[in-house]
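> everything below, folded, please.
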Amino acid sequence: MGNVVGAAKRQVLRKARRFNVESRTEKFLEKNVKVAPPKPLATQREIELINQENPDLMNEITKPNPELLGRLKDVYVSSSDPLPEISRKVDPRKPLPSERKSTHLEYNYVEPETRSPGFLSLLEAIQLLSQYQRDKKNNPVSKLAAEYNLKEKDVENVVEYFKLYTLVDSGQKSLGEANVSSYLVGESEESKNPLNVITAPEVMKKISEWKRGTPLFPKEEKDAKDNKSEEKK
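This is a model prediction of the structure:
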């Protein structure tokens, strides 16, 4: 019997708490009253002691001070345009950047402005290999070593163990020995150069002219036509 009475009592209290809850909530929010959280017991004791020693302290804190308000009237901010130049000492060992323009990085990294003797940057290494592969007679190891301030032994190792990529013509391959020659572009044997990073723009330009119908080698084309006409006769 007691359980039934207790359950009925709880149900009645629950309905009473929820009665008109929306209306009561709206009224409470309209008041816009900020309820401060309760202070800790230690803080409450300190406040009580301060009020006992200085009863007028809270009134003095909340009361406006005319002397301080008068000082605020004398405070103002003045500015001038343009801003004066700032003279700052610059450490010559750590100079600030003089240019903000970003340059295109050809090899996705910044080339050093200076290098130590006996070393090469990536661009210089490509140029050295290109000069040697293009014309070994006019660009011997001794000349390249003097030009790039390197040891001849180091240059010999570089040109021996490092090569630039070249375009290989598949028609030059033979079924017997691996007779594969680099794809050469030029109007004569003396002017033919291997296709590499340095000569690629010039070679691609000639290839595009050839695609548009402009003959790459007009003299050779004329000789070929003459030979065909003689064979027909």
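
> which residues of this structure score low on pLDDT?
1-2, 4-5, 83-84, 101-104, 106-107, 167-233 (pLDDT under 70).

> quick one: neighbours of residue 67, just the number.
By the measure other CB atoms under 10 Å, the count of residues near residue 67 is 6. Backbone N, C-alpha and C define where each C-beta goes, glycine included.

> buried residues, the helix or strand hosting it. List them.
Assigned by DSSP states H and E, residue 67 belongs to helix 66-73. When burial is assessed from 16 or more other CB atoms under 10 Å, helix 66-73 yields no buried residues.

> that one packs against which elements?
Judged by 3 or more CB pairs under 8 Å, 6 or more residues apart in numbering; DSSP states H and E, helix 66-73 is in contact with no other helix or strand.

> using PDB, write out every CA atom in the helix or strand following that helix.
For helix 66-73, the following helix or strand on the C-terminal side (DSSP H and E) is helix 122-134. Extracted as PDB, the C-alpha positions of helix 122-134 are listed here (Å, rounded to 0.1, in the frame of the first residue of the first chain):
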ATOM      1  CA  LEU A 122      72.800  21.300 -59.700                       C
ATOM      2  CA  LEU A 123      72.600  23.700 -62.600                       C
ATOM      3  CA  GLU A 124      76.400  23.900 -63.000                       C
ATOM      4  CA  ALA A 125      76.600  20.100 -63.000                       C
ATOM      5  CA  ILE A 126      74.000  19.900 -65.800                       C
ATOM      6  CA  GLN A 127      75.800  22.500 -67.800                       C
ATOM      7  CA  LEU A 128      79.100  20.700 -67.400                       C
ATOM      8  CA  LEU A 129      77.700  17.400 -68.500                       C
ATOM      9  CA  SER A 130      75.900  19.000 -71.400                       C
ATOM     10  CA  GLN A 131      79.100  20.700 -72.600                       C
ATOM     11  CA  TYR A 132      81.000  17.500 -72.400                       C
ATOM     12  CA  GLN A 133      78.400  15.400 -74.200                       C
ATOM     13  CA  ARG A 134      77.800  18.000 -76.800                       C
END
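
> how about helix 122-134: buried residues?
126-134.

> okay, those residues in TSV with distance to residue 116 next?
TSV is the format used below for the buried residues of helix 122-134 (distance: CB to CB, whole Å):
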residue	distance to residue 116
126	19
127	18
128	16
129	20
130	23
131	21
132	22
133	26
134	27
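
> quick one: residue 7 is in a helix?
Yes - under DSSP: H, G, I helix; E, B strand; the rest coil, residue 7 sits within a helix.

> tell me, how many residues neighbour it?
Neighbour tally, residue 7, other CB under 10 Å: 10.

> same deal with residue 22?
Counted with other CB under 10 Å, the neighbours of residue 22 add up to 8.
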